[in-house]
Each structure stands twice: as structure tokens, then as C-alpha cells.
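[1] with the sequence up front, the predicted model follows.
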Amino acid sequence: MSKRIGFYICHCGTNIAGKVRTDDVAAFARTLRNVVVARDYKFMCSDPGQEMIQKDIRELGLNRVVVASCSPRLHEKTFQGACQRAGLNPYYFQMACVREHCSWVTEEPDEATFKAKTLAAAAINRVNFHQSLVRREVSVHPDVMVVGAGIAGIQAALDIAKSGHQVYLVEKEPSIGGHMVQFDKTFPTLDCAACISTPKTVAVSQSPNIHMLSYSEVTEVNGFVGNYSVKVHRKPRYIHEDRCTGCGLCAEVCPVSTPSQFDEYLSSRTAVYRHFPQAVPITFCIDKLDRSPCTNACPNQVNAHGYVALIAQGKYIEALQVIMRNLPLPGVIGRICPHPCESACRRGEVDSPLSICALKRFVADRVDLEELPIPEITKRDEKVAIIGSGPAGLTAAYFLALDGYQVTILEALPVAGGMLRVGIPDYRLPPEVLDKEIRAITRLGVDIEFNTALGKDFTIDELFAQGYKAVYVGIGAHRSQKLNVAGEDAEGVMHGMEFLRRANLGELPGIPGRVIIVGGGDVAIDAARVAARLGASKVSIFYRRTRREMPARENEVEDALAEGVEIQYLTAPSQVLTMDGKAAGMRCIRMELGEPDASGRRRPVPVAGSEFEVEADLIIPAIGQAPDSLFLAEREGLSLSRKGTVETDPVTFATNREGVFAGGDAQSGPWIAISAVAQGREAAMSISRFLKGEELGAGREPATVPQEHFSPIPDDLQVQPRAEMATLSMNQRQTGFEEVELGLTEEQARAEAQKCLNCMVCSECLECVKACERNAVDHSMAAEELEVKVGTIILATGFDVMDPTPLKQYGYGRFKEVYTGLEFERLNNAVGPTGGQILMKDGNKPGSVAIVHCVGSRDVNHHEYCSRVCCMYALKYGHLIKEKVGHDTRVYNFYIDMRCFGKGYEEFYRRLQEEGITFIRGRPAEISDEPAGPQEQGKLMVIAEDTLLGRRMRVPVDMVVLCTAMQQRKDTSEVARVFGISQGGDGFFLEEHPKLGPMTTATDGIFLAGACQGPKDIPDTVSHASGAAAQALALATLGKVEISPTTSWIDPDVCAGCQTCIKLCAYSAIEFDARRGVSVVNEAVCKGCGSCSGFCPSGAARIKHFTAKQVFAEIEGMLDAI
Amino acid sequence: MEGYEPTIIAFVCNWCTYTAADLAGTSRLIQPFNVRMIRMMCTGMVDPKYVIKALLEGADAVLISGCHPGDCHYINGNLKARRRIKLLKEILPRFGFHEGRLKMTWIGASEGIDFARTIKELVVEVKALGPNETRKQMVL
């Protein structure tokens, strides 16, 4: 069929005709192929203009139309509509822009007319190859999502709910209201902000059509207009919304304090909080970050943060209860633990780690364990036997007894405590402390039988025969490693473990003469210090490597040296010298360090010819321990590792024998006590599950705990020394076994605990759980992921206030009496940091206040735009100051212009002038604290020029309020990406058209409400939000929308099946049809971007209305016509 | 060469650069008349053969302009375009086209001023290259 093209060029009044000779262009067009008619007219977009087109279509049988006028972004739809009404498929229309791209930007009329001709020729040539296309209709989901619940989001949500549609209101804070609820009064009516916003927030919570998703954020948006699928991440509050009544008892007992963001960091709040008493929802929220490093580092996961926080408040019983949840031996561990928690403590980044171990000991010494009430225990029938009363056995016994089981501990020695009793000397761990804590365990009903040893007095089989249902093997590692030198078995050679045991049991009243200890670990140091106290004339330690490789704890080594012990490094024994069968000395050889061995430490190598002899009366080898376990394999049927330790499952501690579990040094080899405690606790859990017939390992798989998000360390912390406890003087030490470390005083402990940085904010001390009468607190709550289907989305994410620190001349951050507008709002708010009074930081009322306008706004260095609201709130502040502080308070406004544009605004300005505010027209150059005379002492001087008077001035004031710019939220670019919209040059979200489309965006179905689109006051925000709601409802109520048909199509006859387009498609809209061997586009998902067609080597993929033929024709038209 | 006015074809993306061009127009920013824009939905839609076609038809230069990386309305179409144009720039000189005859820029929707400036600078650069002699030299 022949093409019959109608060409029309618009004058657009003088906008086009002023530069382009439109009649020339029309005449030129008439000469082009297939052009049947070419007209020029004043206003093509007007009714007569469109009628002209329709008439020509009907009467002249046009089947193609070209209009040369303004930008297609304005009127393409208008002219397509005209064609459609005349019965012509709208896609047979092409538009050439000769205004924005031609007449408005070209100086010379000749050049403009020439360019207009080429553009017209391009469009005419292209339209020959257009195809008729039919717009797809898709349904629009009736629900709407509103993101952000400030006044804009609230208004939009209420409007939509009123229409009967469902709306999801997503808000990232725990309660709704945005910035408006931070204000005290609002201009110009001086309405109380809370009073006018609470009816709306309550209406939101009570509306059945509004699904409020507070403390939640949108993470992903998929789909297209009318059919959005949105993923919402609901952060855990740890408090059940349907149970919490908002009574606040939890906040009263919370020991953790953190700066309050709602109060603009002018005050603190507790970890469990709500923003203000009228918050909607009323539910409290627990601020909990990644697990505190101290708790995470503890092998037994004792909640170090929890008990430190409680000690800071003087709540010692509660602190001890936190410890006892995981550890029944607080006084013991608080004395001997190598405290890995302290190595992880972030306070170390400021000055030094907290003395967490000493704090634990303080609380254990302070609170009498035996005075605490015995918890209620539901008794069970099953009997459990625990072999060994060391830390592992005692802990397992404690937790099993709490669980109700009948527990009997079988101990080989005459005393309980294992290595705690007979390995650790009394000056480190007094026996009274250990005894008290053992009594606190036995009072739960645990029996201990002494002098009864596995393998000698009973076997495991016999235990089962006696009716025990489970057995725990915690026999420790008490067998000393041998030196393997000649003479080792002589009298006078006593291995470290035996020496310490006999000394602890009182079997060694005194030892004379010279003592030599071989070894470098804690046992060697303990033996040395004990020998010194027992009267040895000289105590020496021989160690085969250097001090750097010694495994003993640093402070123990130092204490040993201070107590007179000599240490010889790089020395090893080669033979014990005997006389009459008794040890009389040692032959030793010097060592030097060679290559590293398997443990990574450098291997000691004997130096030839360096032998020497030394006298000794007692030789104590202390070079390592191992469990006495051979018989366990041979006679008890337990499998052992190569090192001789009992093999168990690493999570459940079950051995290869059913019903038999093992832990502590017997399983791990010699290690630290807290690890044995942890293993005992885990074994108790396993035994309990075993006896109940439950799966042992369920939910206990090791998981990595995130350690990234902690409370930031404030910049202004003062460096403080670490609390060090007093120690016994040297004189007192040498005469006996009194405890050397004396513990912290109460003053020291509380001061130390208050240094805690509260890394995870909430310490999980669980005081809130105890306090809540409705059992609403649940610390195990987890984040939820929701997926919601909506048809349209309204963004109402609001604004941020600019931080004026970069404007150093105003001294924000340097001078304490310089405030931002929002900080000043909080001072005025009745539930703010000063209870609504305007007070300076020293508690006094200000005698004079300066309010500085345009801080960061109307400024080429920061934001060029005007923030719109500041002049008005500056007037409001003036009024508040006069009213609250006193009418004789001097208030100065430093302004550039007074922008009082709205309803009642100019009247408000007049009123404030009458209230006696001073207005100085001049932007201050500087705020200074350097006085030029006695009257300026202690004040801040605002240095400005009054441009109306033409005079420089220095105005001394007590307080300065900066009207800081309203700017985009700091996450605006991420949010824009998630929703597929753009940011404008000023940082706010980009609207479709600043005059006629302020609520719509370039992305269909996504609308803007409120300050996220640009600075606005509350009345404008409410209007804007209602407008956005109307836009969304227009789509939602119609229920359908037309989607552009300009999607991709792959010609199956040409497609070679290379599938590269599939990988290129950003929307995964292309699938491979294996049967036919071609790629196929899913039109519902395709957005017509052209990534596939731009690549396709065979030309099979093409975008409808943007085919290669059409584009080639456009190029040719542009270049060939003239 | 004196007195020659280059003809430059610009393939611009609808969402960013075309909008910026409209903004430049609304703001009445005067520009040289040498650039003719062809509206594409995305720079990713620009097939290298369009560039070659334009140059063979006698265009003195081709400009391709789209959204800033990270801001593409279709997520990453502009990044795909960048890859294609980079390769094309390496091939063109082998066929006698100076690589200065193909330029790619990122101009966002609100950057009307940048658009006008880019056009002015491009015309100056292309004038300095001299006219595209292809049409005269091509043998059909």
C-alpha cells in the first residue's frame, strides 16, 4: 500500500516561528517522497490543530503523520491520541522536536530553519517504516505501598485508606511521625506539633486498611507499573507488638545508656526504648547490634557485657545471676581465667581493655552465693554419674541438677575441685572460695563420693549396672610428661603435678635447699612460687627456649621474678645426677633456637660442648600433662586420640559408647578452666537430651557470629587508666599462701564498669524480661522477610538536616552553645533533653540568642537552593524564646531575605516584629569566642555587616541557633536505585516536571510525596502527599493501565540461538526455547531497553518502533535530504 | 578547513540526555546548530551499525550520550554501550575514520548546562578534524 504522509509544523506562537521560517519548512517537506500534505499552523497541540490532523486523515486518506513542534516528551501522546481518534494507529505517528532542540537554542534564523528541515526530513523518512502496534493492557493491583511514615507518608496513607484501598506503610524507625514529631510548635499557628500529628498517627494505627510495617525497610523492588513485588525487611524489636502495653518498666531497669538519636544526641536513652511517650506504635524496641566482642570471645559465652553493665549500676546480685546462667564458678574463674574477653574488648582502642575478669571476681566476692535463693527444680528420676570433680564435672553436675536429674560425682582424691584444688596454688585461688562455690552446687542435691577412682574402685559397666543412666568422664589431665633422661626416677625428683597436689593437700610442710624446676608453663611457675613459699633457699626455673616462647602467663612470670625466682633460658637437662640413690644435681646443656617446629615455635638445638652441672635438692619437671587414659581404652572401651585424650563428637561430647560423655582436659588435653566449664555445660545439655530421647546435636551446629556492627566509639572519650587491684606486699607473700591479688574496691569496680562502650548496645542482661509483666520481651526474635504485591508505590522518605560542621566559621561542634535548628527544637520539646525549657549546657537560661539564616542554603559551596522553611521557623524560635525565657531576652535574626510566602506567614512576621525581635540584614561572616573587651567575656560574638545600615557589627550573645539547610537523606542514591528513579541535581528525587508533575516520576507507578522531592513546609507537604495519593489511586481504582508495546521481539527465522541476548538482559526477560533452538522474549517483563537488539549479530532481536530499518531511515533523512 | 560546518549525529537516551537536551532548550542555552539528535530509549539500544551507517552517510562525527553509570533507567544498558563503543573506537581508525569522530558522554536528566557545553565543545573539536571525506571517496 502506498504511504501517504501528512506533515505539520507548529509555530508555537513565536517560540518556533520566531527563529524557524515555518512556511519554508512546510514547503520543503512537500517536496519529499510520499508527503501528501504539508501545513504550518500556530498551535498544533490546540483543539483546532488536532482537528486539522484528524480531518486530513479522514479526507486525504493519510496513513502516516509527522508533527514538527515541541519535545515528544510533552506532546507525543497528544498527537498520538489525535491520530487514534481519527482511526489511525497511533504508532504511525512520528514527532520532530524543532523547539527545545532548534528554535530555542539556535541564534541564526537561517541555521535554525536549515536544522528544522533536516529534522523534519529525518522524521518523514523514518515514518515510512513504522508498523502499527497495539498497546498492552495490564491490570493494576489495588494495593498501594507508602515508604516513609513522616507527615507526608501518614497523609498519603490516610487518603488511600479512606478510599477503601489497602495500603502498606513502611517506616524504618520504630515509630511513625518523622521529623514533625520532633518539633515543639509549628508556624504560623503555633500549634503544638504533637497535638496536631497524634490524631493522624492514631488514625493510622486504627485504620483497618493501613498495614503499618514499622522498624522495617524495603530491600528490593521487582516488576512494573501495576504489578510491583516488594521485599520488606522487618528488623527484630525483640518485643512482641501484640503484648507490649508501653508501660516502660523495661526501660526503668535497663542498665545500658546510649546517645539518643531522636534527641539529636543531646541526651541518652536506654537500650530498650521508644522515641517519645505518645509514639505510635507504643511498642518499645530493643536496640541490639552484633554480639559484643567480649561475650563472643569467651569460650563459655558468659555474657560479659551483661554483668559489666549491671555492675556499673550497682546491681551486683543481678550481675551474678547473669554470670551464673553459664558459669557456676564465678569466684574461681574470676581469679584464674586468662580472660580472652579482655583481648577482644574494644575499649582497648581508646585506652585499655576493661578489667572484665577482675569485675567478675568483684561481684563473686561481693554477693554470697549461698544467700541466693535456690531455684525451683522439677525433679526427675534418672541418675547421672559424673567422674571427676574438676571444673568440667562440677559444671556438668550443676546444670544437670538444675534440670532435675539425680547427680552423683565420683572423685578419686579426698577433696573436690580437681585441678582447681590440687593444681592451682592457694595464693592464686584460696580454698575457701572454691569450697563455697562447690557448696552452692551440692546444695542443689548433688552428692560427691571421695576416694573412689575409675579403673581402681569401679568401672563404667558397674555404674550402668547400679542404675545410672548416663556417665560423664571428666578425669582431667593429671599425668605428667616424663623428661626421658637418666636418673629421672630417683628420689628427689618430683613431677610438677605431684608436687603441687601434695603441697595443696598439706603433705609438704617445708622443703629445704635448692629447687630446680624444668619447664616454662603455668605449672612450672606455680611450682616455683610454691617452692619459694615452702622455704626453699634458691628456686630456679630452667626453660629450653627464651622468654618470648614461654607459654606461662606474663603476669605470673613477673610475679615469680619479683618473688625471687631465677629463670635460666635456653637451658635443658640431659641427666639427673644422683648420690646414694637420691638426686643431688643435674647435668644441663645450653640450647640455641633453630628452625620452627610443628607448633611454629623455633626448635631448641643443643650447643655442643656447653654442658655444665648444677646442685639441687629437689628437681621438679613440669613439661606438660596428659590424661591418664590408657586404661580407658583397654578396659572401658573408649576410643582415644593419638595424644591420649578421649575422642568425642566436637559438638555433643558424646563418646563412642552410648550414654557415655566426656569433656574437660580429659578430652581436649591441658587447656584453660573456662573451656572445661563450657564443655561441661554442653555435655549437660547433651546428657539431658539423651535422657529425654531427643536428638543430641539439633540446633547446635557451630555458626559464625557476625562481628561487624557495633556501637560507634565516641570521639570525645577521655583516656582513663585501667583499674588495677591492690596486691599483697612482698613480705606478706613470702611467709605464707595468702591470696596475692586483693580484688577491686567497690569504687574501682563501678568506675571501671562505667567505661564499657556497650558495643552491642543491649547487653542481653535480661532484666527487661524479668521486669515485663506481660512477658512481651523475647530476645530470640529474628528479622522477618516479607514479600508484598502492590500496584503503585509512593515514596515519602523525607529529608535530613545538613551537618554544619564543615562551615567552620560558625563554630558548630567547637562552641557548645551553637545549635542546629533541630537541636533547638528538641530543647523546646516537652519530652526533650531539658523538659521543654530553653537552657544552655550549664543549666542557665540564655540572656541573648542569635538566629543565623541560610546556613548551607543559598550557598554555592554547599546548597544553592533556598530551604524554604527556615525564615519561618526562625520567627517561631524568636517567639518561643520570648515566651519561655522572658520578654526581655534579646533575640537577633541575621537574614538575607525574609521569605514569608504562605498563608498567615507575613502576618506572623509582623507579629514577631512587634514582639521585639531584632532583624539584621546580613549573613554573618563568623561566630567568635574571642572577646574584644570585658563585656564580651564568656559570650559568642556574631560578626556581621548590617547591609541596610552599611555598618559592621559584633553582637555578643549567649546562644546561637543555625538555620541549617534541608537536604536529601544520606541514603537517597541507594533508595533511588532500589526503586528505579533518578535524583535531581540538588540531590532530592527527580520529579517528572517541576511545575506540572511534582508528584510523578519518570518511572510509571512510582510517586513522590513530601520533602523527599524538595524542601517543603508542613502545609505544602500535606498537599503534595494528598496529590501523590490521588495519582496512585487513579491507577488503583481504574484497575488497569496501558503498557507501551515497544518491547523486544526476536525473529525465530533469523535467530541462531547464540543466547548472548539472554545474558545481556537486565530483567531476565528472555528465555531459550530448546526445542526450536531460538531465544524468545517474555513481553510482560521486557522493558524495551534495547540491550539485546543493540548487540544481536544477526539482527534477529529488534525493538518494536526502534528497528534498524527505522533508525537507518532516520539517519538517511537527516543527512541526505539536503 | 575554513567555512565548513560539521554535521554531527547524536544518539541520546530518552531518560537522561534527551531530557537534559529539553532542559537546555527550556533554559534557552544557545548552542551551535550542527548536532541532530536521534532518540533512543537507552544507549544500550545503539547498535554499532548505526554509528557506521551515520559515518558512511557522511556525518562528520557521532555522539552517544546516556545516563551516568549506576543511574541507567534500565539498570546497566549504558555500561553495555560503553563496551561496544570502546571496541568500535578501536576498529574505526582501521577504516580511515579518525577516532575523534566517535564520542561517548554521560549527561544526566538535570544537567542541561552540561549538555549545552558538551555540544559546543564537540563542534569545536570536530571542526578541527575537518570534514568526513567518505562520501566523496566511496566507490559503490
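    Cool, got the structure. Numbering: from 1, shown residues only, chains lettered A, B, ... in the order given.
[2] in the sheet, who's paired with residue 10?
    Because you didn't say which chain, this covers chain A. A:Y41 (DSSP bridges).
[3] the intended chain is chain B.
    Going by DSSP bridges, B:A10 forms beta bridges with B:M37, B:L63.
[4] what about it, how many residues nearby?
    28 (other C-beta atoms under 10 Å in any protein chain shown). (C-beta placed from N, C-alpha, C; glycine too.)
[5] wait, what's in contact with the residue nearest the centre of chain B?
    Geometric centre of chain B, nearest residue: B:L63, 0.8 Å, by C-alpha atoms, centre = their mean. B:L63 sits next to B:8-12, B:35, B:103-105, B:118, B:122 when contact means C-beta atoms under 8 Å, 6 or more residues apart in numbering or on different chains.
[6] now the lengthiest helix in chain B: mean pLDDT?
    The single longest helix within chain B, with elements called by DSSP state H, is helix B:112-129. On average, the pLDDT along helix B:112-129 is 95.
[7] quick one: distance of the lengthiest strand in chain A to the chain centre.
    Secondary structure of chain A per DSSP state E: the longest strand is strand A:582-596. Relative to its chain's centre, strand A:582-596 lies at 55 Å (C-alpha atoms, centre = their mean, to the nearest Å).
[8] what's the answer for stretch A:632-645, then?
    Distance of stretch A:632-645 from the chain centroid (C-alpha atoms, centre = their mean) equals 47 Å.
[9] give me the contact list for that stretch.
    So stretch A:632-645 is contacted by A:454-455, A:459-460, A:473, A:477, A:626-627, A:629-630, A:646-647, A:655-657, A:660, A:662, A:666-669 (C-beta under 8 Å, 6+ apart).
[10] where does A:A666 land in three-state SS?
    A:A666 falls in the helix class when you classify it by DSSP: H, G, I helix; E, B strand; the rest coil.
[11] report the separation between it and A:E636.
    Counting by C-beta to C-beta, to the nearest Å, the gap from A:A666 to A:E636 is 12 Å.
[12] these two: who's more crowded?
    Using other C-beta under 10 Å, the more surrounded residue of A:A666 and A:E636 is A:A666, with 31 against 19.
[13] and the gap between A:T283 and chain B?
    Distance of A:T283 to chain B, computed by C-beta to the nearest C-beta, to the nearest Å: 38 Å.
[14] before we move on, back to that, after the longest strand of chain A, next one along is what?
    strand A:602-606 (DSSP states H and E).
[15] show me what counts as buried in that following strand.
    A:602, A:604 (16 or more other C-beta atoms under 10 Å in any protein chain shown).
[16] tell me the angle of it relative to strand A:582-596?
    Relative orientation of strand A:602-606 and strand A:582-596, computed by axes from the mean of the first three to the mean of the last three C-alpha atoms, to 10 degrees: 130 degrees.
[17] and the lowest-mean-pLDDT helix or strand in chain B, how far out from the chain's middle?
    Lowest by mean pLDDT, DSSP states H and E among the helices and strands of chain B is helix B:134-137, with a mean of 72. Here helix B:134-137 shows a centroid-to-chain-centroid distance of 21 Å under the convention C-alpha atoms, centre = their mean.
[18] what's in contact with that helix?
    B:55-58, B:96-97.
[19] what is the nearest of these to A:G492?
    B:F97 (99.0 Å; C-beta to C-beta).
[20] what pLDDT does the closest one get?
    So B:F97 comes in at 91 (pLDDT).
[21] okay but it is in contact with B:G58, surely?
    No: look at B:F97 against B:G58 with C-beta atoms under 8 Å: they stay out of range, at 12.0 Å.
[22] give me the nearest residue to residue 123, chain neighbours excluded.
    Using chain A here. A:A96 (4.0 Å; C-beta to C-beta, 6 or more residues apart in numbering or on different chains).
[23] actually it's chain B I care about, not the one you picked
    B:V123's closest residue in space is B:P32 (C-beta to C-beta, 6+ apart), at 4.4 Å.
[24] could you do A:A440 as well?
    Nearest one to A:A440, counting by C-beta to C-beta, 6+ apart, is A:L369 at 4.3 Å.
[25] and that neighbour, how many neighbours?
    18.
[26] would you mind measuring from the closest residue to A:A193 other than its chain neighbours to A:N829?
    Leaving out its chain neighbours, the residue that sits closest to A:A193 by C-beta to C-beta, 6+ apart is A:F183, at 3.9 Å. Note on A:F183: its distance to A:N829, by C-beta to C-beta, is 7 Å.
[27] before we move on, what about A:E173?
    A:E173 is 16 Å from A:N829, by C-beta to C-beta.
[28] for these two, work out which one has more neighbours and name it.
    With neighbours defined as other C-beta under 10 Å, A:E173 and A:N829 compare such that A:N829 has more, 23 against 19.
[29] and the more buried one, how far is that from A:M180?
    From A:N829 to A:M180 the distance is 11 Å (C-beta to C-beta).
[30] can you check A:P994 too?
    Taking C-beta to C-beta, one finds A:P994 at 24 Å from A:M180.
[31] kindly report the same for A:V146.
    16 Å.
[32] show residues contacting stretch A:75-91.
    Here stretch A:75-91 has contacts from A:44-45, A:50, A:53-54, A:57-58, A:62-63, A:65, A:67, A:69, A:92-93, A:95, A:130-134, A:1045, A:1105, using C-beta under 8 Å, 6+ apart.
[33] filter those down to the buried ones, ChimeraX style.
    In ChimeraX, a selection of the buried entries from the contacts of stretch A:75-91 looks like this (16+ other C-beta under 10 Å):
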select /A:44,45,50,53,54,57,62,63,65,67,69,92,93,95,130,133,1045,1105
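[34] taking the contacts of stretch A:75-91 one by one, which sit in helices?
    Using DSSP H, the contacts of stretch A:75-91 in helices are A:50, A:53-54, A:57-58.
[35] can you put those residues in CSV and add distance to chain B and pLDDT?
    What follows is the ones in helices among the contacts of stretch A:75-91, written out as CSV (distance: C-beta to the nearest C-beta, whole Å; pLDDT from 0 to 100):
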residue, distance to chain B, pLDDT
A:Q50, 22, 95
A:I53, 21, 96
A:Q54, 25, 96
A:I57, 24, 96
A:R58, 29, 95
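[36] of all those, which comes closest to A:E491?
    Distances from A:E491 to the ones in helices among the contacts of stretch A:75-91, taken by C-beta to C-beta, are shortest for A:Q50, at 120.5 Å.
[37] just checking, that closest one touches A:M44?
    Yes: counting by C-beta under 8 Å, A:Q50 touches A:M44, with 7.4 Å between them.
[38] ok so, going back, list the contacts for the residue nearest to B:V123?
    B:119-120, B:123.
[39] tell me where the model's unsure across the chain.
    Because you didn't say which chain, this covers chain A. A:1122 (pLDDT under 70).
[40] the chain in question should be chain B.
    In chain B, residues with pLDDT under 70: B:1-2, B:138-140.
[41] pull the number of nearby residues for the residue nearest to A:A123.
    By the criterion of other C-beta under 10 Å, A:A96 has 28 neighbours.
[42] and what of the one 4 residues further on?
    Other residues near A:E100 number 25, with proximity taken as other C-beta under 10 Å.
[43] pretty sure it sits against A:C70.
    Yes: with contacts counted by C-beta under 8 Å, A:E100 reaches A:C70, the gap being 6.5 Å.
[44] mind checking the SS state of A:I619?
    Taking three-state DSSP, the label given to A:I619 is strand.
[45] distance check, it against chain B.
    For A:I619, the distance to chain B - C-beta to the nearest C-beta - is 74 Å.
[46] hey, what's that residue bridged with?
    Applying DSSP bridges to A:I619 gives these bridge partners: A:V493, A:I516.
[47] find the closest residue to chain B in the stretch 401-550 of chain A.
    Scanning the stretch 401-550 of chain A for proximity to chain B using C-beta to the nearest C-beta identifies A:R548 as nearest, at 51.5 Å.
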